[in-house]
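Trainee: Model the following, please.
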Amino acid sequence: MTADRDPVPPGYELHFRKSPVTDPWEPLFVRRDDSALSLA
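Mentor: Residues are numbered from 1 along each chain as shown. Now for the predicted structure:
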């Protein structure tokens, strides 16, 4: 699976931080607001 094939959820952007822990879940997307980060 690649990020260019998966649609980005509304309000999210591709997560910039890579980790061996999160590699199996790629692609990850992040949405930021005043008090939190949400991953999708």
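Trainee: Show me the strands in this structure, by range?
Mentor: Taking DSSP state E as the test, the strands found in the chain are 13-14, 29-32, 37-39.
Trainee: For the last one, report the contacting residues that lie outside it.
Mentor: Put plainly, it is strand 37-39. The set of residues external to strand 37-39 that reach it, using C-beta atoms under 8 Å, 6 or more residues apart in numbering, is 12, 15, 28, 29, 30, 31, 32. For glycine as for every other residue, the C-beta is placed from the backbone atoms N, C-alpha and C.
Trainee: farthest-separated two in the residues you listed?
Mentor: Among those, the pair separated by the greatest distance (C-beta to C-beta) is 28 and 32, at 13.4 Å.
Trainee: Have a look at those two and say which one is more surrounded.
Mentor: residue 28 (17 against 11; other C-beta atoms under 10 Å).
Trainee: what's near enough to touch the residue most central in space within the chain?
Mentor: The residue lying closest to the centre of the chain (C-alpha atoms, centre = their mean) is residue 29, at 1.5 Å. Taking C-beta under 8 Å, 6+ apart, we find residue 29 in contact with 8, 9, 12, 13, 14, 15, 39, 40.
Trainee: Same question for residue 30.
Mentor: Taking C-beta under 8 Å, 6+ apart as the test, what residue 30 contacts is 12, 13, 14, 15, 16, 37, 38, 39, 40.
Trainee: how about a cut-off of 6 Å?
Mentor: Contact partners of residue 30, counting by C-beta atoms under 6 Å, 6 or more residues apart in numbering, are 15, 37, 39.
Trainee: Specify the beta-bridge partners of the last one.
Mentor: Spelled out, it's residue 39. With DSSP bridges applied, residue 39 shows beta-bridge pairing to residue 30.
Trainee: residues near it, how many?
Mentor: By the criterion of other C-beta under 10 Å, residue 39 has 11 neighbours.
Trainee: So it versus residue 8, what's the distance?
Mentor: 13 Å (C-beta to C-beta, to the nearest Å).
Trainee: Any regions of this protein where pLDDT drops low?
Mentor: Low-confidence segments of the chain (pLDDT under 70): 1-6.
Trainee: Alright, that wraps it up for me.
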